[in-house]
Every structure is written in structure tokens, then in C-alpha cells.
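**Student:** Sharing a model prediction with you, sequence too.
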Amino acid sequence: MSMFKIFDVSGSAVSAQSQRLNVVASNLANADTVAGPDGKAYKARQVVFQTLLMGAPGRPESAAGVAVTQIAEDQTPGRRVHDPKHPQADGDGYVTYSNVNAVEEMVNMISASRSYQNNVEVMNT
């Protein structure tokens, strides 16, 4: 494998992990938000990756990188908390918060950060 392919593979991974870190940051920033004026709470987002073949098709020495194909919304219902005095409470006194799990997002952030660092190290080496 040529050096340029190594840079292409690691570069695609750095770019993908950078997008993943941005999505995680957005999820963490909205972890404790309540439903907006439209009545819908923030939904956690997840990055979906896909293998990206690099180089000439049909050649056994072709490399594989990674690409972000979409950013999908988690359809899990939001957390409901009974707080009748809250201004966003519904008729039954429940407030709907986002469905972001802060612990999962922190693990996601550590994983993305490590992957990013490892690919930068590959390029430096």
C-alpha cells in the first residue's frame, strides 16, 4: 500500500470522527432541554458510518476508508418527569425532556476522540 493511500484512509477516518465529535457535542449540549414551542423535545443523533473503497475498483491492493452516510435521529421517547409547576408541563403535569443519555454520549465522545487521535498518530508516523 502506498503512503498516499495510508493518508487517504487515515484522513477519511479523521474527518468521520470529527463529524461524530460534533454530533456528540450537540447531543450533550441538549441533554437537559425540554420540549420546545412545537411540543417536541430534542432527539439524540447518531452518526452512521459506511466503508468507502479507495483506489481502483477490482484491485486487491485497494484500501478502504470510512465515510459518514447519514446522521440519524434516535426515535426513543424522551424522558418524562412529573413537575406540574414547570412552565412546559403538559395537562397531566409532565415535562418531556430530550432522550439523550449523557453517560452513553460521554463514552461515545471518548471513543471518537481516541479514534481521531489514533488516526492522527498514523499520519504522523
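**Tutor:** Good, I have the coordinates. Numbers count the residues shown, from 1 in each chain.
**Student:** Show me what the longest helix seen in the chain is packed against.
**Tutor:** Across the chain, the longest stretch assigned as helix under DSSP state H is helix 3-29. If you count contacts as 3 or more CB pairs under 8 Å, 6 or more residues apart in numbering; DSSP states H and E, helix 3-29 packs onto strand 45-54, strand 63-73, helix 102-124. Using the backbone N, CA and C atoms, a C-beta is placed for each residue, glycine as well.
**Student:** which one of those lies closest to residue 5?
**Tutor:** Evaluated over those, closeness to residue 5 peaks at strand 63-73, with 4.4 Å, by CB to CB.
**Student:** what comes into contact with the closest one?
**Tutor:** Contacts to strand 63-73, defined as CB atoms under 8 Å, 6 or more residues apart in numbering, come from residues 1, 5-6, 8-9, 11-13, 15-16, 19-20, 23, 43-55.
**Student:** for the record, mean pLDDT for that strand?
**Tutor:** Mean pLDDT, strand 63-73: 88.
**Student:** element containing the residue nearest to residue 83 when sequence neighbours are not counted?
**Tutor:** Taking CB to CB, 6 or more residues apart in numbering, and ignoring the residues beside it in sequence, residue 83 has residue 95 as its nearest neighbour in space, at 5.1 Å. Residue 95 is located in strand 94-96, with elements delineated by DSSP states H and E.
**Student:** what's that strand packed up against?
**Tutor:** With 3+ CB pairs under 8 Å, 6+ apart as the test, strand 94-96 has strand 80-82 packed against it.
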